[in-house]
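Colleague: model the following, please.
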Amino acid sequence: MTTTGSVAFKTAGPSLIFEDMMTQTAQTALPDPFAQAAFYEDTTTKRAVAWVIDVVIITVLSVLLTPLTLFTSIFYFPVFYMVVGIAYRTASIARLSGTPGMRAMSVELRDAQGQRFDFGQALLHTLGYTTQIVIFPLQLMSGALMIGTARGQGLTDMVLGSAAINRAALD
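Modeller: Predicted structure coming up:
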């Protein structure tokens, strides 16, 4: 078992157990991508699949919410879809430190101190992601960074100092 600040990491064969010791007050950092590579294994691929899951969920939610707008959202559906997506992503990341797609793929976001996201961090991450979608070359850069960095961090992750890690089996 390796201890870094208030976070202990253990590997038991191929499975990874992450123990978050929230009672301690020391600041922690993200797991080392070389010494604890299992935390980042396949996260880029998992995030891509999670993105597809989330896009489907946001599309279904947007369609289901359309009658509540008295069908006026049909005239501005891309903006409506974006607002639903921002609400969906921010709320789910703030509550669970990952979207339902990320949770389904056993991935979660952690901040620079290794802690789960709070509402402010979730909102900033979502706004960064939304900006990347609107300015598409930024999304391409983000994808390239996810593939090319040791922690698999996208552009928004690099700015915030966050990373997506494999979620613990006990989480």
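Colleague: got any ranges where the protein has weak pLDDT?
Modeller: 1-28, 169-171 (pLDDT under 70).
Colleague: how does it look with 80?
Modeller: 1-28, 168-171 (pLDDT under 80).
Colleague: show me how far the top helix by length along the chain is from its chain's centre.
Modeller: In the chain, with assignment by DSSP state H, the single longest helix is helix 43-65. Helix 43-65 sits 12 Å away from the centroid of its parent chain (Cα atoms, centre = their mean, to the nearest Å).
Colleague: could you list the buried residues of it?
Modeller: Buried residues in helix 43-65, counted by 16 or more other Cβ atoms under 10 Å: 43-44, 46-47, 50, 53-54, 57-58, 62. C-beta: built from backbone N, CA, C; applies to glycine.
Colleague: L30: what's it in contact with?
Modeller: 110, 112, 114, 151, 163, 165 (Cβ atoms under 8 Å, 6 or more residues apart in numbering).
Colleague: that one belongs to a strand?
Modeller: No: assessed with DSSP: H, G, I helix; E, B strand; the rest coil, L30 is coil; it does not lie in a strand.
Colleague: and the contacts of stretch 159-167?
Modeller: 16, 18, 30-31, 38-43, 46-47, 98, 102-103, 106-112, 117, 121, 124-125, 128, 151-153, 156-157.
Colleague: out of the residues you listed, which end up buried?
Modeller: 16, 18, 30-31, 39-40, 43, 46-47, 98, 102-103, 106-111, 117, 121, 124-125, 128, 151-153, 156-157.
Colleague: buried stuff in stretch 91-105?
Modeller: 92-94, 96-99, 101-103, 105.
Colleague: so which of those belong to helices?
Modeller: 92-94, 96, 101-103.
Colleague: show me what contacts L109?
Modeller: 93, 97-98, 102, 116-117, 125, 157, 162-164.
Colleague: fine, thanks again, bye for now.
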